[in-house]
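1. Let's see this in three dimensions:
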Amino acid sequence: MDVELRCPACSGYYKSPILLPCSHNICLSCAQSIQVCGQASASVYCEQTPLNEFDYPEADRVSEADSGISFGASSAGSSSSSGGGHLQNDSLRVICPQCHRTIYLDDRGVKSFPRNKILETITDKYVQTRHPGPMETKKCQMCETSPFDAKFYCEQCEVSYCEGCQKTCHPARGPLAKHSLILATKTQGKVRPPNPGPSTCTEHIDENLSMYCMLCKLPVCYLCLQEGKHMNHEVKALGAMSKTQKTEMSQALTSLTEKAKQAKYFLGSLKKTCETINECAIDFEASLVAKFDEMITIIQRRKEDLLLQVTREKEFKIKMVKNHMNQCSAKLRQTTGLLEFCIEVMKEPDAAAFLLFSSTLNQRVGNIEASWDKEMILHGRVTPEFDLTLDSDSTITALSLLNFKEMKDGHKYRNQVPDSPIVIPEECSVENNSVTIAWQPHPSSWVEGYVLEIDDGKSGEFREVYCGKETICTVDGLHFDSTYNARIKAYNHAGEGDYSETICLQTAEVAWFQLDPRTTHADIIFSNDNMTVTCSSYDDRVVMGNVGFSKGVHYWEITIDRYDNHPDPAFGVARYDTTKEMMLGKDDKSWSMYIDNNRSWFIHKNVHADRAEGGICVGSVIGVLLDLNRRTLTFFVNDQRQGPIAFKDLQGVFFPAISLNRNVQVTVHSGLELPPDLDTY
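-> Numbering: from 1, shown residues only. Okay, the predicted model is just below:
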């Protein structure tokens with residue numbers, strides 16, 4: 001439990017812990033030390049821990065080359081943000097040292113966060129038990145002025161008394177006779193801290209928390225319900241909600257305790273298994289080392305024989321080269337001597353004497369020159385390369401493939417190609433545009449792995465989507481409203497077996513999706529299992545769904561929950577990499593209808609078109625019809641089509657998208673039936 005009671009910023013035990021919107025805790029002093037204002041830059045968590053990164057892992061994306069793209073849903077968001085996104089330049093904020101989310105603050109700073117009194121109490125009790133301080137002298141809690149040292153402590157009343165106050169206030173008679181009085185010196189670590197009293201509201205510090213907001217999942221006071229941001233929210237009594245949560249936690253802990261007990265027994269058996277494995281491994285390693293030593297000895301002996309052949313070849317080549325060198329050296333000495341002699345003769349000034357000797361000398365020079373062409377070979381008689389080639393490929397291949405023989409119960413089948421696997425239809429399923437296929441091996445087959453193949457949803461060619469030892473596989477990112485055929489084959493070292501029977505799976509006609517915090521601007525605030533959103537900024541911010549569409553007809557609706565000061569929310573579709581910091585439709589990767597309380601326009605690439613009368617108010621319902629069979633996008637307001645077909649010739653993958661600011665709150669309803677009379681639109 002020690003790690004649960006340490007602050008992620010200072011690594012010490014929590015001191016006055018506060019609860020951040022991201023559900024992580026931090027010391028109040030640490031939070032005050034890391035709150036910053038102004039341009040985001042490298043700051044300090046606290047004196048011990050530097051903050052050196054502001055980037056976070058991007059959302060995992062699962063896609064198929066020929067189909068849509070789906071984004072995994074995550075838990076509901078808050079006013080905190082993570083990852084990319086525009087940071088306000090002059091906002092007071094803190095960055096959680098555990099999840100690195102940026103949390104913007106109001107004028108009260110970190111004091112607006114609630115104190116985690118339970119964590120504080122548990123931490124103090126744990127520190128007092130595990131790390132007791134020096135013995136303190138207890139004072140009488142009943143003396144009115146200048147309290148004397150306590151001599152007694154009542155375990156029932158949890159009060160310390162001096163000798164006089166004990167006789168006066170706690171006599172050993174009547175109902176107090178059954179109380180246990182112990183010496184105050186024995187109460188070290190037993191006295192509970194004074195009750196801090198009921199928790200108060202962080203926004204209305206004079207009001208006690210009395211209700212629990214079901215939407216925001218926070219305790220609130222009655223002023224929050226009357227004039228605060230929790231107006232019109234569903235609430236429950238704080239005590240009843242606490243009892244419900246404790247009951248749920250108790251049930252969960254009972255199940256968890258049983259699992260922990262089973263795990264404890266299982267760990268004991270695993271320890272015994274480890275000991276047995278170690279013993280078997282020692283014997284097997286000794287046998288393996290002996291076999292390899294034998295192979296190494298054979299290889300070493302063969303290496304010595306081949307090296308001897310190389311040495312003999314080397315000596316022969318060197319002998320031939322040295323003989324050639326001796327021949328060349330002798331001829332070179334003869335030629336050099338004649339050249340030097342001729343040069344000296346040519347220096348003779350007496351022409352008669354020179355001519356008397358020159359004809360003979362010219363004849364000798366000519367003979368020497370002719371002998372060079374006949375006697376001298378000015379190229380090597382042997383090549384430096386060795387003509388020996390070691391044929392080691394087959395041996396290296398055999399060594400690289402050297403492996404153990406798996407002697408199983410069915411080893412008699414290991415030299416046979418496995419029979420086709422058996423598909424288990426009752427364990428196969430479809431969810432949205434994902435399919436799950438389950439199978440089992442043939443009883444008489446020895447299998448090393450499986451290959452799962454699936455077609456393109458149009459009875460086309462099969463393609464491999466999985467290869468491994470598992471007997472269940474989920475394939476994501478398929479087309480909606482499509483029929484897929486799947487088949488499996490098994491393989492072992494003897495080869496691949498036949499395919500199993502083909503199983504046919506139909507993906508959902510329409511998609512159910514959630515809004516995705518991981519691909520959304522940081523200012524968006526999520527609730528209601530990521531189906532309801534609003535914004536913390538006055539600027540427009542974009543939120544997207546977690547499922548992309550590339551085929552079929554899809555319809556979803558958006559209910560206007562709050563609409564103040566006549567903003568212009570926009571509804572439509574977008575690519576996954578659309579800009580998140582301005583109105584939907586202003587870039588070339590989004591298509592939308594933006595609407596106020598009187599009229600609406602269609603917008604794409606910041607081009608406005610087809611103004612239509614009729615606006616929205618609280619309770620209005622916006623319908624979005626994406627028909628990828630016809631490649632069109634149509635909008636509805638309160639079940640009536642708003643203007644003509646908004647956009648045509650849409651191709652590719654599109655995600656549901658909304659842009660809004662802090663004056664709007666909406667709720668998305670996905671997976672709806674298509675509007676009636678679809679052919680008329």
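2. Endpoints of stretch 520-540, how far apart?
-> 12 Å (C-alpha to C-alpha, to the nearest Å).
3. so what's Leu105 up against?
-> Each residue near Leu105 by C-beta atoms under 8 Å, 6 or more residues apart in numbering is listed here: 35, 91-94, 112. Yep, even glycine has a C-beta here, placed from its N, CA and C like the rest.
4. Grab the nearest non-local neighbour of Pro441.
-> Val447 (4.7 Å; C-beta to C-beta, 6 or more residues apart in numbering).
5. got it, and Lys458?
-> For Lys458, ignoring the flanking residues on the chain, the nearest one in space by C-beta to C-beta, 6+ apart is Ser482 at 7.5 Å.
6. how deep is that neighbour tucked in, by neighbour count?
-> By other C-beta atoms under 10 Å, the residues close to Ser482 number 19.
7. For Asp476, see how far away it is.
-> Distance of Ser482 to Asp476, given as C-beta to C-beta, to the nearest Å: 14 Å.
8. Same question for Glu340.
-> 91 Å.
9. which of the two has more neighbours?
-> Asp476 (18 against 10).
10. coming back round to it: so the residue nearest to Lys458 sits against Gly457, correct?
-> Yes: using C-beta atoms under 8 Å, Ser482 is in contact with Gly457, at 3.6 Å.
11. any shared contact partners between the two?
-> Taking C-beta under 8 Å, 6+ apart as the criterion, Ser482 and Gly457 both touch Thr507.
12. Do you have the strands of the stretch 351-500 of the chain handy? List them.
-> Using DSSP state E, counting those that start in this stretch, the strands of the stretch 351-500 of the chain run over 422-423, 429-431, 434-440, 449-454, 463-468, 472-475, 483-492, 495-499.
13. In the stretch 51-200 of the chain, where is pLDDT below threshold?
-> For the stretch 51-200 of the chain, the stretches with pLDDT under 70 are 51-91, 131-136, 186-197.
14. where do the helices sit along it?
-> With helices called from DSSP state H, counting those that start in this stretch, the stretch 51-200 of the chain shows them at 117-130, 163-169.
15. what would those helices look like in JSON lines with distance to Ala612 and mean neighbour count?
-> Formatted as JSON lines, the helices of the stretch 51-200 of the chain follow (distance: least, C-beta to C-beta, whole Å; neighbours: other C-beta atoms under 10 Å):
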{"stretch": "helix 117-130", "distance to Ala612": "55", "mean neighbour count": "15"}
{"stretch": "helix 163-169", "distance to Ala612": "81", "mean neighbour count": "15"}
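16. Which one of these lies nearest to Thr395?
-> The closest of the helices of the stretch 51-200 of the chain to Thr395 is helix 117-130. By C-beta to C-beta, the value is 63.7 Å.
17. packing partners for that closest one?
-> Judged by 3 or more C-beta pairs under 8 Å, 6 or more residues apart in numbering; DSSP states H and E, helix 117-130 is in contact with strand 17-19.
18. How far away from the center of its chain is the host helix or strand of Phe292?
-> In the assignment (DSSP states H and E), Phe292 maps to helix 238-346. Helix 238-346 sits 34 Å away from the centroid of its parent chain (C-alpha atoms, centre = their mean, to the nearest Å).
19. go on, stretch 210-219?
-> That offset, for stretch 210-219, works out to 31 Å (C-alpha atoms, centre = their mean).
20. Could I have the CA atoms of that stretch written out in PDB?
-> What follows is stretch 210-219, C-alpha atoms only, in PDB (Å, rounded to 0.1, in the frame of the first residue of the first chain):
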ATOM      1  CA  SER A 210     -25.100  17.500   0.800                       C
ATOM      2  CA  MET A 211     -25.900  16.100  -2.700                       C
ATOM      3  CA  TYR A 212     -24.200  14.100  -5.400                       C
ATOM      4  CA  CYS A 213     -24.400  15.300  -9.100                       C
ATOM      5  CA  MET A 214     -24.900  12.200 -11.300                       C
ATOM      6  CA  LEU A 215     -23.800  14.000 -14.400                       C
ATOM      7  CA  CYS A 216     -20.600  15.500 -13.200                       C
ATOM      8  CA  LYS A 217     -20.000  12.700 -10.600                       C
ATOM      9  CA  LEU A 218     -19.100  15.300  -7.900                       C
ATOM     10  CA  PRO A 219     -20.500  16.100  -4.400                       C
END
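21. List the buried residues for it?
-> Burial within stretch 210-219, assessed by neighbour count using 16 or more other C-beta atoms under 10 Å, is assigned to 210-213, 216, 218-219.
22. same question, stretch 230-239
-> Residues of stretch 230-239 classed as buried: 230, 233, 235, 238 (neighbour count, 16+ other C-beta under 10 Å).
23. do the same with stretch 514-533
-> Judged by neighbour count (16+ other C-beta under 10 Å), stretch 514-533 contains these buried residues: 514-527, 530-533.
24. Can you list phi and psi of Leu378 for me?
-> Per-residue torsions, Leu378: phi -90, psi 40 (degrees, to the nearest 10).
25. And the pLDDT at it?
-> For Leu378, the pLDDT comes out at 73.
26. For it, the count of nearby residues, please.
-> Neighbourhood size, Leu378 [other C-beta under 10 Å]: 8.
27. thought Pro656 was touching Val543?
-> No: with contacts counted by C-beta under 8 Å, Pro656 stays clear of Val543, the gap being 9.2 Å.
28. remind me which residues of the protein are low pLDDT?
-> Counting by pLDDT under 70, the ranges of the chain that qualify are 37-91, 131-136, 186-197, 405-415, 678-681.
29. let's see 50
-> The chain contains residues with pLDDT under 50 at 39-89, 191, 407-410.
30. if I read this right, His669 contacts Thr559, doesn't it?
-> Yes: proximity of His669 to Thr559 meets the contact threshold set by C-beta under 8 Å, at 6.8 Å.
31. Could you measure from the nearest residue to Gln416 once chain neighbours are set aside over to Gly228?
-> Once flanking residues are discounted, Gln416 sits nearest to Ala494: 6.0 Å by C-beta to C-beta, 6+ apart. According to C-beta to C-beta, Ala494 and Gly228 sit 73 Å apart.
32. before we move on, what about Thr297?
-> Separation of Thr297 from Gly228 (C-beta to C-beta) stands at 85 Å.
33. Look at the two and report which has more neighbours.
-> For Thr297 versus Gly228, neighbours defined as other C-beta under 10 Å are more numerous around Gly228 (16 against 10).
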